Structure formats: C-alpha cells, structure tokens
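>>> pasting the sequence and the predicted model now:
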Amino acid sequence: MRKKLLPGLIHRLPQNAMSRTMGKITASRFSRLAIQRYIRHYDIDPSIIEKPVKEYRTLKEFFTRRLKPEARPIAPGADTITSPVDGTVSQLGDICEGTMIQAKGKGYSVAELLGGSAEEAKRYYGGKFITIYLSPRDYHRIHMPVEGDLVRYSYLPGRLYPVNQLGIQHVDRLFARNERLVSYIKTEGLGDVALVKVGALFVGSVKVRYNTATTNVKHGRETNEAIVGAPHYAKGEELGWFEFGSTVILLFESSQLHWAEGIEKGSPLLMGQVLARVGKSQ
C-alpha cells in the first residue's frame, strides 16, 4: 500500500513552496549547528574543502562550498569534454529522432526539455546526451565541460519533483516538467552544447555567474535571452551552483563524440574528469 501511495503523493506536494522554505531554513544562522552532523552523515572529506569548516556560517554556505583547486584537476585537450559536476551518470546515449531516455520505458523530447523550441531542438538531433545526478553528499558547483562562449540562456519555470529514483520511475517526462535553467555554449570544433540545470524538490535555487538568473521564484516567467557580451569561459571554469542537489543534462550537437572508457550508466563522476572526446573512439 505504501509503495502505491508514495508516487501519488509526490504529485500533490506544494513542491515549490517547500523548496523555498528549505532554502530559508538552510540560510538561517541556526542551520550552522547541523554542518558537522551533515559531514558525518554523508561522509564528506573536509581536507579538500576550500576553507576550514568552522568558517561556514550556514548550512547553505557549506553546501555550496568550493574545493581546493588541486582537488579537481581539469583533463586537458581541445578535443576533450569534461564532467561539469561531481555526481553519478543516470543515463547517456544518442538523441534518436529528438528523443532522450529518462528511465527504462520512459522518454522525453529535446524540444520539451529546451522549452518547446523545435528549431533549437533540431540542432541536437543525431547528437549525444548525458544525465548526471548530484546527491546531497556531492560537491555542488557547476563548471564548464568545454571551452566556449556563453551566448544565450533560458529559464523555464515548472514543478520541482524529486529527481531521485522515485521521481525518475514514477513521473513521466520529469526533466521536461521540472524547472530548468539552460546555458547555451558555442564552441570551436565541438559544435554547440546545451547545459541544462534541472531544479528539484528542496533545491532552494540554481544560480549562475554570468547574470542574475535564478530558479524557484514566485510567479516566475519563461525567459529566453542572449547573454550580454557572450563571455568566453575556459573549460573547468565555474559557471554556477545548486543550492542543494539536483541534476545536470548535457546535450551535444556533435555526432562525432565518443564516451571515455568507463563512462556508463551508474558511473561515479568527479568534476574535471574526461567524459568524452570528439573524433576519437575508445
């Protein structure tokens, strides 16, 4: 009975309000008392964190912590694509007829994910995708997987279903229904790349460095805008962060992309490690 009730319940929860409340709680000065327990529960290694744990004033500050630069070396090579985050590969593969896989027996379209733009979606037909899940224990800064210019972004308001296995198995088209913040990257030699940051239950918001765009705001409106100046970012440069865990989806225009050895469903990832190479089979 419990297994039947739980999937139905996630549709009825006031997801956005709950997530904004969680954001306020973790930003309160009292949340600082939970940091050490959080470290123990999720077995987090303090030795690679940018600054001493005692200097973090709130749980949110700790959750969005930076790491020491040497903790996440960036794989070199102009033809190399690196992981933008720490996490676990949820799905990966070819974008066939504009469709991607969410879970066994469940799919969703590129057009839905990117906000219904058929023209933008067609750019990625025949390309590749990879979905990376970030758990509460992971490092939650988001970095550039390639070198390139940030030319445009989209904010797509929506629901905030959980993106764990419960949500993936029981919510059809989950990633196309949850809030998203999409960064569009133009590269030389690797084709265009869309970096989709998916909101989730208890994710206070998603932030980016290139402007003030954010998610989970009251009465949020869909936004599609060019990024002023099309700033150039190096591979591995920080792009933004999640305020609590969620999912990143990468869409690649290039069909000449080959996954690196060991990159498969269920693979753990560290930011900066090789995801794929263009023009080289493994």
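Sure thing, it's come through.
>>> identify the residues contacting the closest residue to Tyr153 other than its chain neighbours.
Leaving aside its chain neighbours, Tyr153 sits nearest to Ser183 (5.3 Å; criterion: C-beta to C-beta, 6 or more residues apart in numbering). The way it works is simple: take the backbone N, C-alpha and C, and place the C-beta from them, glycine included. Contacts for Ser183 were tallied using C-beta atoms under 8 Å, 6 or more residues apart in numbering; they are 150, 153, 194-195, 197, 208, 210, 239-240.
>>> which other helices and strands contact the host helix or strand of Thr88?
Assessed by DSSP states H and E, Thr88 sits inside strand 87-94. In terms of contacts (3 or more C-beta pairs under 8 Å, 6 or more residues apart in numbering; DSSP states H and E), strand 87-94 is packed against strand 99-103, strand 128-133, strand 247-252, strand 268-269.
>>> so it versus strand 128-133, what angle?
Put simply, strand 87-94 runs at 160 degrees to strand 128-133, going by axes from the mean of the first three to the mean of the last three C-alpha atoms, to 10 degrees.
>>> contact partners of strand 87-94?
100-103, 126-135, 138, 168, 247-248, 259, 263-269.
>>> repeat that for stretch 270-282.
72-75, 77, 79-86, 128, 130, 139, 141, 143, 145, 189-190, 236, 250, 252, 254, 256-261, 263, 269.
>>> drop anything exposed from those residues.
Neighbour counting with 16 or more other C-beta atoms under 10 Å marks 72, 74-75, 80-86, 128, 130, 139, 141, 143, 145, 190, 236, 250, 252, 254, 257, 259-260, 263, 269 as buried within those.
>>> point out where the stretch 101-250 of the chain drops to low pLDDT.
Applying pLDDT under 70 to the stretch 101-250 of the chain flags residues 104, 201-204, 213-220, 245.
>>> mind redoing it with 80?
103-106, 116-119, 159-171, 200-205, 212-220, 244-245 (pLDDT under 80).
>>> what are the boundaries of the strands in the stretch 51-200 of the chain?
In the stretch 51-200 of the chain, the strands defined using DSSP state E, counting those that start in this stretch lie at 80-82, 87-94, 99-103, 106-109, 128-133, 141-143, 148-156, 180-186, 192-198.
>>> now distance to Arg40 too, for the ones you listed, in TSV please.
TSV is the format used below for the strands of the stretch 51-200 of the chain (distance: least, C-beta to C-beta, whole Å):
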stretch	distance to Arg40
strand 80-82	30
strand 87-94	21
strand 99-103	32
strand 106-109	36
strand 128-133	22
strand 141-143	22
strand 148-156	36
strand 180-186	32
strand 192-198	28
